[in-house]
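>>> Fold the following for me, if possible:
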Amino acid sequence: MSSVAATSQDRAAALEALHDDIERKHLFPFWAVNAGPGHDEVKRLMGAAPRAVPFLWSYAEVIEPLLVKAAKLVTTVESERRSLILVNPGLAPRRATVTTMYTAYRLNSPNEVMPPHRHSPSAIRFGLTGKQNFTGVEGEDMVFGPGDLVLTPHDTWHNHGNVGDEPAVNLSVLDLPLVETLNAVYFEHDYEEAGVRKEQQSAKVPADYSERIYGHGGYMPRFVRHQRGPAEQGCGADVCQPVRDSAIAAWAPDDGAVAALEGRLHQGRGDDTGQWRRRQLGVHRDMVSGRARYHGDGVLPGACADQRLLQRRR
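Residues are numbered from 1 along each chain as shown. The predicted structure is shown next:
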């Protein structure tokens, strides 16, 4: 054996021993010594994190029966929420439906309202069934139904429920996995007004306040305070305006035109500046007919680049 070959073998063995030693000490060698499959550290570094995988949850067969059982067993006395989070098999046990967001279904029994809470993740609520879904945000009591969208800015006190006589289901989307990655998640449950613990927020504005203030395109009133939540938390001019399904439907052409266009896009914008309603969460809604195929790229700006909300119009 030549001295060159021996030197090469000795170096390879020494490198392998070095890598083993580094791994035992909870370090990572960020260098590439050759193109071999075990030594491409860039690929190893990029591929270390778990990845979301395609997965289907059947509402009728899986989600709905579990929601009904939970509604019977878990009461409002025990928890401020009763949600069923969709956990992606590729990201489990992390509570994440896609890399940066989680989606959760919630069923509220008739005339059931949970106590207030607040948290650092931002959220949206999307009505699915029942016309009396309820979300109260910083003293604004909003009742919404199928297709309606309600915004919950981060760090705002809010509570959920149902003020009708029939069960109601809504869908929540939170950027909790993103905020969790930044080590910035917190939840608070001890709601007080004037130093007194309360189980329900007092109304501070009329129930249709946001609709009246922000419901006219192109106008941004200067005679009201737009802040929601503590100013020191930087909530900005977030609004809690319900985006009614009827307003979206008014933009839609007839079914034939939808089929020809393969979908008409509605983007959830905030005010007359055209900024996204949520700085962390963007919302798209597409209307497509039952005959159309959707060929969109499925990309939203910012942290929500791998999920969209789709409303099918038949």
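>>> use CA for all of it now, contacts and neighbours both
Fine.
>>> So for stretch 126-139, what gets flagged as buried?
126-139 (16 or more other Cα atoms under 10 Å).
>>> Now do the helices in the protein.
Using DSSP state H, the helices of the chain run over 3-24, 41-46, 64-73, 176-181, 209-214, 245-249, 255-261.
>>> Need the per-residue pLDDT for residue 144.
On pLDDT, residue 144 comes in at 91.
>>> That one: neighbour count?
Neighbours of residue 144 under the rule other Cα atoms under 10 Å: 27.
>>> So in terms of bridging, what pairs with the closest residue in space to it that isn't next to it in sequence?
Closest residue to residue 144 apart from its sequence neighbours, by Cα to Cα, 6 or more residues apart in numbering: residue 133 at 5.2 Å. Counting by DSSP bridges, residue 133 is bridged to residue 144, residue 162.
>>> quick one, domains of the protein?
3-46, 59-239 (automatic domain parsing).
>>> and residue 87, what does it touch?
Going by Cα atoms under 8 Å, 6 or more residues apart in numbering, residue 87 touches 93-97, 102.
>>> Dihedrals phi and psi, it?
phi -100, psi 120 (degrees, to the nearest 10).
>>> From residue 178, how far out is it?
The gap separating residue 87 from residue 178 is 15 Å, by Cα to Cα, to the nearest Å.
>>> what's the answer for residue 10, then?
Residue 10 sits 45 Å away from residue 178, going by Cα to Cα.
>>> neighbour-wise, which of the two wins?
More crowded of residue 10 and residue 178, by other Cα under 10 Å: residue 178, with 20 against 12.
>>> now the more buried one, nearest residue through space, not along the chain?
Residue 178 sits nearest to residue 100 (Cα to Cα, 6+ apart), 4.7 Å away.
>>> Is that neighbour in contact with residue 176, as I believe?
Yes - using Cα atoms under 8 Å, residue 100 makes contact with residue 176 at a distance of 7.2 Å.
>>> separation between residue 216 and residue 210?
10 Å.
>>> To clarify, my last question referred to residue 159.
In terms of Cα to Cα, residue 159 sits 17 Å off from residue 210.
>>> Show me which of these two is the more surrounded one.
A direct count of neighbours by other Cα under 10 Å for residue 159 and residue 210 places residue 159 higher, at 24 against 17.
>>> ok so, going back, of the contacts of residue 87, just the buried ones, ChimeraX syntax please.
Restricted to buried positions by 16+ other Cα under 10 Å, the ChimeraX selection for those reads:
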select :95,96,97,102
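>>> Let's see which of the contacts of residue 87 end up in strands.
residue 102 (DSSP state E).
>>> okay if I get the contacts of residue 87 as CSV plus distance to residue 165 and pLDDT?
Below are those laid out as CSV (distance: Cα to Cα, whole Å; pLDDT from 0 to 100):
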residue, distance to residue 165, pLDDT
93, 36, 91
94, 36, 91
95, 32, 92
96, 32, 94
97, 31, 95
102, 29, 93
